[in-house]
Every structure is written in structure tokens, then in C-alpha cells.
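>>> What shape does this take:
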Amino acid sequence: MESSIRTMKTSALLRRFLPYYRKYIPVLALDLFCASLTTLCDIALPLIVRNITQMATTSLAALTVTYVLRLGLLYLALRAVDALASYYMNSQGHIMGTWIERDMRYDLFAHLQTLGFAYYSTAKVGQIMARITSDLFEVTEFAHHCPEEFFIAAIKITASFLILFGVNPALTLIIFAVLPGMLISTRYFNRRMRRAFQERRHQLGEINAQVEDSLLGIRVVKSFANESMELEKFQRGNETFVTIKRRAYLYMAGFMTSTRVFDGLMYIVVVVVGALFLMDGSITTADYIAYLLFVSTLLTSIRRIVEFTEQFQSGMTGIERFCQIMDQPPDIQDAPDAVELTHVRGDVNFDHVSFHYSDNDRTVLADLNLKVKAGERVALVGPSGGGKTTLCNLIPRFYDVSAGRILIDGQDITTLTQKSLRENIGMVQQDVYMFSGTVYENIAYGLPGATAQQVRRAAELAGADAFIQALPEGYDTFVGERGVKLSGGQKQRISIARVFLKNPPILILDEATSALDNESERLVQQSLEKLSAGRTTFTIAHRLTTIKNATVIWVLTENGVEEQGTHKELMARGGIYARLYEMYTEGTD
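Residues are numbered from 1 along each chain as shown. Below is the predicted model:
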């Protein structure tokens, strides 16, 4: 999805966007009313000048100082109204745009929360960040200015046409005959500009993704002294961005140039044809001057639309990129009649379970039939690619099975709400994620609303309280980006404390100690032993010495579960597990 660039129809995008105005209709209505007041001033001036000129050429005696001053005061009053209306448009109009941006950003983030692992395995975070920040900022300006600019232009064009048509229909039709050519030219360049703006936005997202990747991996970059390689990659993306933007500006230049050409044509028509009409008496001098002023007003309005074009295209591109994510359906959804999972014992049953990833036809798991009783400790071992992590990811429905079903306490997990299912499952993974914040906040994440006493107790159970207390600010110590201020063992024990606080009846340990040194592994393993007590536990382990006490060990290969039993039973059998264990213990001597 991230690599594709498609262009949706403007009408379709507007239909998707317009509902966001619904909550702010009073503000929008007043904003457009103010826009009509400002337009009234622009239209009034040519009429005032025409009136004065008409009187000066036909009845000079009637053109008194008092009459002129009254017209002047009228125009000043209109300008005062214009100032107040402009203030409202520039303040409340922009605020309304910000409210719409806020609503769209909330909807986008809320939808991102519903998307599953399948989406995030291919999506680039930098692209998503561009869509949720800079793209929606462009929408703010679009939401405010788009209704105003087109509303003002519509009023000016319509009013100018009606007034001028009333003066001289023939000349008016000749002048407005230029507009269709302008519209055709606009449509031609707009299509190309839209495509270029979409490509520009996409490339900006690619740059964001590359920068994020490089900065998050800065330690690897520096350890290999590959700063120049990263700079070269960045420069390639940067140059591509310039090339795309250059093309967009070339289209914009063509658009603006063609508009200026039509501007000139319209002026020539008024000056030349209007002069001919003046010569044969079809119009008066006052009408001729009014024509010139109205055409100037009309063209000023058209120029504003032209200047707004870049903002319009940026806004439409932002809306389109917003819609592209919103149109991504969640791959895992609750059934309409899904029920809450409550009073969990912890029995887990794999009933003829098969699975393959949606983007790959290779079967990862085939027709598995396994039963785990509440409180049992299951260890999964075997070569990489055998499906150990996949099997564990199916339990909390990070992916749905391709065939068969998984039951917890006899209930098919697809009939349960995802929230209640995952609230009853705790996970400790090898790659621990620490949120940017304090130690306290990272532990409390396991149970929103937990008391300080509960957080402290969870840390004690995880064997983390002592080292946390030794930190510069104890539980209020900031862990840094992704927990860079903590060691691997410390982060792992905080993640275990997080699960202790959650207190789930089912536990999944995904190679939780494989990346730790011996001392850290010993401390973490002690914490995991306490955490596993009384819970149904699935442990994925490469360090086979840590699973000797498992209730049952499953040896999972590409052919499925080839062996299962206790450590003693499998060692006595002398099969795959025994060979793996011997290889591991030889490697640790």
C-alpha cells in the first residue's frame, strides 16, 4: 500500500471530507456570510464609480458635494463591515480548520489502532507519521480557505455577469466567452499537478521513513562507520524529492501562465470591443469604466483562485492520503455478536489449526491438534521457521487461523472480543519495547489506573525494585527513547513487572532471555519462574536449559509437532529434542 500512488476523483474526496464540517456548520455559515460581506465591498466600488461617472456626464448639476460625501461615507461603512468580516474569517475560519484537522487526526489514529500485525509488517512508520502530521496540516488550510475562495469567486462571477448583462448583453457574453477556454486549461494542468503533489507527499514520507530508520539505528551506523553511506541514501531520496517538486512547479507555472494569458485576452476584449461599442453608442462612458472595473474585480477573484490552487492540490492530496489509510480494513475484527471473556481458567485447545500468512501461500502450521490444561507450562522448541512464534501469536488473535479454531476454556476465540481476550493474556518478548517516559509509567502501562503501591509490588515481584531504587530519580527516572538508558536485563525485568501488574491467567514468553548475559538471564529467569506460577504458560526458548521444568515440551518443525513430552521423556527418546539439547549444552561448555 505504501508504495502505490493512486489518484482518487476530486468529487469522491470531497464527499469523504464534507462530513467533517457537520459539527461546525454554524461557524462555517457565519464564515461564508462574512465572505459575502467582503465581496459586497468589492462589487460596490465599480457601481459607485459608475454612478458618479454617469451623473458627471449626463447631469453634472446633480453631482453635489453632499451626494459625493454620502457615497464616500457609504463606502467607508462598507469597509468597516469588511474589516470586521475579515477578522472573523481569519480567526474563526482558521480555528475551524484546526478543529477539523484535530478530528481527522483522531479518526486516523483511532483507525491505526484497529489495524493488525499484517498491516504494520509492510507499512513504513515514517509514511504513517507524514500522513498524520504534515498532510493533515495542509488540510487545515484547505478546510478554511476552500469554501471561502470558491464562495467568493462564485458570488463575484455571478454578480458581475448579472450586472454587466443588464448593461450590455452582447459585450458581456463576448467577455465571458473567454472563461470556457480558461476552465479547459485549468482542468488540464490541475490533473498533472495533482499527480505531482501526490508523488511529492509520498516521497516526503519516504524521506521521513529513511531518516527515522537511520536515527533509530544510529548506534549500528556509527559502530560500522557507515555515516557516509547513510548520507548518500538520504541524498538520493532528497534529490528525488527535488525532481518531483520541480515537475510540480513546472505544471503550476504552466497553469499560472495560461491563466495570465486568458487574463490578458479578457482585458483586450473589454478595451477593444468595449471601445467599439462606445464609439457606436451601444454603451456610455460610465458603462465602459464600470466594465473595466468589474473585469478587474473578476480577474482579481480568478487570480485568488489561481494562487489558491497549490493549497487546494496540497489539501486534496492530504485528504487522499488520509483516505488511503482509512480505507485499509482491519484484518482482525470482532464478530457482531462477540462476547466478553471472563472468569478465565486457562485451558487452551488447538483444534485442527492451520495457518499461512496472507502474502505467502506457504503453510506455516498444518492441522495442529493440541490441548493445554489450566496452569500447565508448555515449552516450544525447534529450528527457526518452525512456527513457534506464529503459534503463540494466534492465541491473542494477532493473526486469524487459516483453518480450524483455537478455544480458551471451551470458547472459540473468534467469538470473543479482542479487548477481553488480550486483557487475559500477558506477553514477555525478547525485543522489549519501552515507551518514552518514566520507569513508573512503563510499568503502570500494564494496568491503567493502577496505584503506586500496586506498581511497586509488581516491580518487587519482578526483581526490579532494587535497581529501580538505585536509579537517579527512582521510579521517576526517564528511560529515554526506547529505553536506551537501561540495560537489556533491566528493560526485561520492567516488562515482566508490567505483566505482573496486569496479572493475566495466560502467559506467553517469547525467547525472553535469549539476548541477555548470564547474570541478567539468571535474574530474569527467577522473575519468570515467579510470574509463571499458577498460570497457563507458553515459553518459546532457544536456551533449552531454562525449560527443564516445563509440564510439556513441544518440538515444532516444518512438519508440525514432531515430539512432545517432559524433558526426561524426550531425552530418553533420543530424538530431535535430545539432539538439540546435546548441541546446546555442548555449545555452553
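>>> Report pLDDT for the closest residue in space to K245 that isn't next to it in sequence.
Closest residue in space to K245, ignoring its immediate chain neighbours: R200 at 5.5 Å, by Cβ to Cβ, 6 or more residues apart in numbering. The C-beta positions use only the backbone N, C-alpha and C, and glycine is treated the same way. Note on R200: pLDDT of 80.
>>> Show the contacting residues for R200.
If you count contacts by Cβ atoms under 8 Å, 6 or more residues apart in numbering, R200 has them with F241, I244, K245, A248, T317.
>>> In helices only, show me those residues.
Residues of the contacts of R200 located in helices (DSSP state H): F241, I244, K245, A248, T317.
>>> Looking at these, which one is closest to S436?
Distance to S436 across the ones in helices among the contacts of R200 (Cβ to Cβ) is lowest for F241, with 28.3 Å.
>>> Tell me which other helices or strands the helix or strand hosting H94 touches.
Per DSSP states H and E, H94 falls inside helix 65-114. Helix 65-114 sits against helix 25-58, helix 125-132, helix 134-167, helix 285-326, with contacts defined as 3 or more Cβ pairs under 8 Å, 6 or more residues apart in numbering; DSSP states H and E.
>>> so which strand or helix has the residue nearest to K245?
helix 178-216.
>>> tell me the angle that helix makes with helix 285-326.
30 degrees (axes from the mean of the first three to the mean of the last three Cα atoms, to 10 degrees).
>>> Below-threshold pLDDT in the stretch 451-589 of the chain: ranges please.
512-521, 584, 586-589 (pLDDT under 70).
>>> how about the strands in it?
Secondary structure of the stretch 451-589 of the chain (DSSP state E, counting those that start in this stretch): strands located at 506-510, 536-540, 552-557, 560-565.
>>> now do the stretch 251-400 of the chain
348-355, 365-372, 377-381.
>>> now the first one and strand 536-540, what's the angle there?
Okay, so that is strand 348-355. 40 degrees.
>>> so strand 348-355 versus strand 506-510, what angle?
Going by the same axes, to 10 degrees, strand 348-355 makes 50 degrees with strand 506-510.
>>> Tell me which strands strand 348-355 pairs with, and in which orientation.
Applying DSSP bridges, strand 348-355 is found paired with strand 365-372 (antiparallel), strand 403-408 (antiparallel).
>>> contacts for that strand?
With Cβ under 8 Å, 6+ apart as the criterion, strand 348-355 contacts 363-372, 387, 390-391, 394-395, 399, 401-408, 410, 506, 536.
>>> same question, the second one
Counting by Cβ under 8 Å, 6+ apart, the neighbours of strand 365-372 from elsewhere in the structure are 347-355, 378, 387, 390-391, 394, 403-404, 536, 538, 552, 554, 560-561, 564.
>>> mind redoing it with 7 Å?
The contact list for strand 365-372 (Cβ atoms under 7 Å, 6 or more residues apart in numbering) reads 347-355, 378, 387, 390-391, 536, 560-561.
>>> count of residues packed around I547?
Counted with other Cβ atoms under 10 Å, residues neighbouring I547 total 20.
>>> got a list of what F478 touches?
Here F478 is in contact with G437, T438 (Cβ under 7 Å, 6+ apart).
>>> whoops, S160 was the one
F294, T297, L298.
>>> burial measure for the residue nearest to the second one when sequence neighbours are not counted, as a count.
Going back to what we said before, that points to T297. In space, and not counting its chain neighbours, T297 is closest to D42: 5.3 Å by Cβ to Cβ, 6+ apart. Neighbour count of D42, defined by other Cβ under 10 Å: 22.
>>> Show the pLDDT at D42.
pLDDT recorded at D42 is 77.
>>> separation between it and Y75?
As judged by Cβ to Cβ, to the nearest Å, D42 and Y75 stand 11 Å apart.
>>> With V439 instead?
The spacing between V439 and Y75, counted by Cβ to Cβ, is 68 Å.
>>> Can you pick out the residue with more neighbours from these two?
More crowded of V439 and Y75, by other Cβ under 10 Å: V439, with 27 against 15.
>>> Would you confirm that the more buried one contacts F467?
No: using Cβ atoms under 7 Å, V439 makes no contact with F467, being 9.7 Å away.
>>> What's the local residue count around F150?
Count around F150 with other Cβ under 10 Å applied: 14.
>>> can you check I305 too?
Neighbours of I305 under the rule other Cβ under 10 Å: 16.
>>> And the residue nearest the centre of the chain?
Ranked by distance to the mean C-alpha position of the chain (Cα atoms, centre = their mean), the top residue is I132 at 3.6 Å.
>>> tell me the contacts of it?
Residues in contact with I132 (Cβ under 7 Å, 6+ apart) are R105, L108, F109.
>>> Lowest-scoring secondary structure element of this structure by mean pLDDT?
Within the chain, confidence by mean pLDDT, DSSP states H and E is lowest for helix 218-223 among all helices and strands, at a mean of 69.
>>> Report how many residues lie close to G426.
Per other Cβ under 10 Å, the neighbour tally for G426 reads 25.
>>> Partner strands of the helix or strand hosting it and their direction?
Using DSSP H and E, the element containing G426 is strand 425-429. Applying DSSP bridges to the sheet, strand 425-429 is found paired with strand 506-510 (parallel).
>>> can the contacts of S160 go into CSV with extra columns for distance to E460, pLDDT and neighbour count?
CSV is the format used below for those (distance: Cβ to Cβ, whole Å; pLDDT from 0 to 100; neighbours: other Cβ atoms under 10 Å):
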residue, distance to E460, pLDDT, neighbour count
F294, 82, 78, 26
T297, 77, 77, 19
L298, 77, 76, 24
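>>> tally of neighbours for the spatially closest residue to A44 that is not a sequence neighbour?
Residue nearest to A44 in three dimensions, not counting chain neighbours: L78, with 5.6 Å by Cβ to Cβ, 6+ apart. Applying other Cβ under 10 Å, we find 19 residues neighbouring L78.
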